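Colleague: structure for this input, please:
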Amino acid sequence: MHTSADLLRELVDPSVATVIEDGDGCELHFGTDDLDWAARWLAYLNLDLDVIEPTSLADQLRALGRWLLDRY
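Modeller: Below you'll find the predicted structure:
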């Protein structure tokens, strides 16, 4: 995540994900089998991010973006 760990901790309930400080940014660790949900949830945060793993989550985020472009 390209934001401070403090800001991310304000936005994310600790029961949903763990925020790990990493230099200027931070990592967000959460577990789910529903990548559609994960993509929508990350988009809702409205923060810049890089997907480290699973790579299929990046595919799901791109699919969500295409769906939004086609729909709106």
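Colleague: which one is residue 42 nearest to, not counting chain neighbours?
Modeller: residue 49 (6.4 Å; CB to CB, 6 or more residues apart in numbering). C-beta coordinates here come from the backbone N, C-alpha and C atoms, glycine included.
Colleague: wait, is the one you found part of a strand?
Modeller: No. Under DSSP: H, G, I helix; E, B strand; the rest coil, residue 49 falls outside any strand and is assigned coil.
Colleague: so what does it have for phi and psi?
Modeller: Here is the backbone geometry of residue 49 (degrees, to the nearest 10): phi -150, psi 160.
Colleague: give me the number of residues near it?
Modeller: Neighbours of residue 49 under the rule other CB atoms under 10 Å: 17.
Colleague: residues contacting it?
Modeller: 1, 2, 28, 42 (CB atoms under 8 Å, 6 or more residues apart in numbering).
Colleague: in strands, which of the residues you listed appear?
Modeller: residue 28 (DSSP state E).
Colleague: what helix or strand is the nearest residue to residue 27 once chain neighbours are set aside on?
Modeller: The spatially closest residue to residue 27, leaving aside those adjacent along the chain, is residue 20, at 4.4 Å (CB to CB, 6+ apart). Secondary structure from DSSP states H and E places residue 20 in strand 18-22.
Colleague: list the helices and strands that strand packs on?
Modeller: Applying 3 or more CB pairs under 8 Å, 6 or more residues apart in numbering; DSSP states H and E, we find strand 18-22 packed against helix 5-11, strand 25-29.
Colleague: counting contacts, what elements does the longest one pack onto?
Modeller: The one in question is helix 5-11. strand 18-22, strand 25-29.
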